[in-house]
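Chemist: this is the structure alone, sequence omitted:
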C-alpha cells in the first residue's frame, strides 16, 4: 500500500499538469487567461497549496509512526533523517566512488532519500542524488579562480592536513544576501512553475441611483519559473580525499554547497537573462531607476530617498523592504553627510545594518564595475520589497557526479555538481535601483 505522502504527491502532480494545460492553451493562442480559465487555474493553485501542507503533515506522521514501530522503513522520509546529519560525509562518498567501493550507512541512506525525492518529481539523476534535507541542514550551511585542491601543496589545501588542532580558514567569499533580504525560496518544484500576476485592479465608479455600472476588469500576466541548469566542477587530489580531518570534511562540504549558492546569489542580483542565466533584479525590465549623473555621481541622501519614493508611488512599499549594495557604496555613504549642519551621515555607523531606517546588507556580488558615459567602476544599490524576488529550486537538491577517470593520470578526482534553479521578479515595481554610483 502506498504511503499517504506519496498518494498526495501523485495527486499534486495531476493538478499541476491540469494547471499547465490551462496555461498552455492561452499561451498557444498568445492571449491572457480568460476569466473562467483564471478562476479554474486559481482554484487548482489553492488545491496545490493545501496539498503541500497535507504532504508535510503526512511525512511528519509517517516519520513518527516509523519511530514508534522501532525504526522500520519509511515512505517519503528516510529514517536516516533522525540521525545526526552532521555525520553525513561528502568526503567519504567521493572517496568510495573514486576507489570503486559501495557507500553504506548514512551516506547510502541519504542517497536513497535523494533518489526517492527525484523520482517523486520525475527527475533523472546521473550521479548521486543529494537530498534537500542535507543541503538545508543548518550545521552544514551556517557558514558564510578555481583551483585544484591538493594535499601536498600549502596554497591548495595542503595546510589542511595537520598533526594538531589547527582550524581551517576558508577562502573569502561574497556574502549570500538575497535570501537574508527576504527573497522567497521555493523548493521541490517540478515542471514549469507559472505565476499569475494581477497587474491591473478593479476600479469602482460613481453612478446615478438607476445608472449603469461601468465594467472594470482586472488584467493579468503570466510569468514562469523555468528550470535552468546550475553546475560547477571541483577537482580534488586523491591524497586529499584520503584524509580523515574534520576540517577537510568541512571544507569539502562548503566547496560543494557554496560554489553553487554564490553563483545563484549573483544571478538573483545581476543575472543577464541570456546564456542560460536567470534574469536578476538589475536586468529586469520595468524596475524603478534613479540617475546620479550623466557620467555617474556621488550618492546623496536625496538620491537614496528617491529610490524609496519610486517604489512608494507604485504602491509597492510593502513586504520585506530593504537596501542591498556593495561595501564600496556603504563606505561612501558612511562618509557622506546628511546635511551641512547636523553632523549625521547617510549610513549611520551606530546602526550598521540599517540605511534610512530600513534593513541594509552588503555583498561583493553587487556590481562595482559598471560604466556610464565617461564614468567607470561605478557601483549599484537596490531598494525594494525582496519578498517579490522568487528563487525556485527544481527537483532534488543536488546531482553529484564523481569522475575519477578524466584526470586519472594526474591523480585527480573531478566532482561535478548539477542542480536546477530559476529567479523571478514578480513585480518590477517592487524594486528601484541606482547603477551609476561613484564611490572613489
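Modeler: Happy to help now that I have it. As the structure is a computational prediction, the values presented were derived from the model and not from experiment.
Chemist: show me what contacts residue 34?
Modeler: For residue 34, the contacting residues are residue 26, by Cβ atoms under 8 Å, 6 or more residues apart in numbering. C-beta coordinates here come from the backbone N, C-alpha and C atoms, glycine included.
Chemist: and it, how far is that from residue 105?
Modeler: Distance of residue 34 to residue 105, computed by Cβ to Cβ, to the nearest Å: 55 Å.
Chemist: all helices of the stretch 201-350 of the chain, in order?
Modeler: For the stretch 201-350 of the chain, the helices defined by DSSP state H, counting those that start in this stretch occupy 238-241, 246-270, 301-313, 327-333.
Chemist: let me have those in a markdown table, extended by mean pLDDT.
Modeler: Shown next, in a markdown table, are the helices of the stretch 201-350 of the chain (pLDDT from 0 to 100):
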| stretch | mean pLDDT |
| --- | --- |
| helix 238-241 | 82 |
| helix 246-270 | 82 |
| helix 301-313 | 97 |
| helix 327-333 | 96 |
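Chemist: what ranges do the strands span in the stretch 301-440 of the chain?
Modeler: Assigned by DSSP state E, counting those that start in this stretch, the strands in the stretch 301-440 of the chain fall at 321-325, 354-355, 358-362, 370-372, 375-385, 389-403, 412-425, 431-437.
Chemist: among those, which is nearest residue 235?
Modeler: Among these, the nearest to residue 235 by Cβ to Cβ is strand 412-425 (5.0 Å).
Chemist: coming back round to it: nearest to residue 429, out of the helices of the stretch 201-350 of the chain?
Modeler: Nearest to residue 429, of all these, is helix 301-313, at 7.1 Å by Cβ to Cβ.
Chemist: the closest one packs against which elements?
Modeler: strand 288-289, strand 375-385, strand 431-437 (3 or more Cβ pairs under 8 Å, 6 or more residues apart in numbering; DSSP states H and E).
Chemist: got those strands as TSV, with mean neighbour count, mean pLDDT and distance to residue 344 columns?
Modeler: Putting the helices and strands packed on helix 301-313 into TSV (neighbours: other Cβ atoms under 10 Å; pLDDT from 0 to 100; distance: least, Cβ to Cβ, whole Å) gives the following:
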stretch	mean neighbour count	mean pLDDT	distance to residue 344
strand 288-289	18	97	26
strand 375-385	23	97	19
strand 431-437	25	98	20
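Chemist: now these in CSV, with distance to residue 262?
Modeler: Putting these into CSV (distance: least, Cβ to Cβ, whole Å) gives the following:
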stretch, distance to residue 262
strand 288-289, 27
strand 375-385, 18
strand 431-437, 21
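Chemist: compare these and report which one is nearest to residue 247.
Modeler: Among the helices and strands packed on helix 301-313, the nearest to residue 247 by Cβ to Cβ is strand 375-385 (35.4 Å).
Chemist: the closest one pairs with which strands?
Modeler: Taking DSSP bridges as the criterion, strand 375-385 forms sheet pairs with strand 321-325 (antiparallel), strand 370-372 (antiparallel), strand 431-437 (antiparallel).
Chemist: what's the angle from it to strand 389-403?
Modeler: 110 degrees (axes from the mean of the first three to the mean of the last three Cα atoms, to 10 degrees).
Chemist: what's the angle between strand 375-385 and helix 246-270?
Modeler: Going by the same axes, to 10 degrees, strand 375-385 makes 90 degrees with helix 246-270.
Chemist: re the thing from before, how about the strands paired with strand 375-385 in CSV, adding distance to residue 345?
Modeler: As requested, these are exported to CSV (distance: least, Cβ to Cβ, whole Å):
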stretch, distance to residue 345
strand 321-325, 15
strand 370-372, 24
strand 431-437, 16
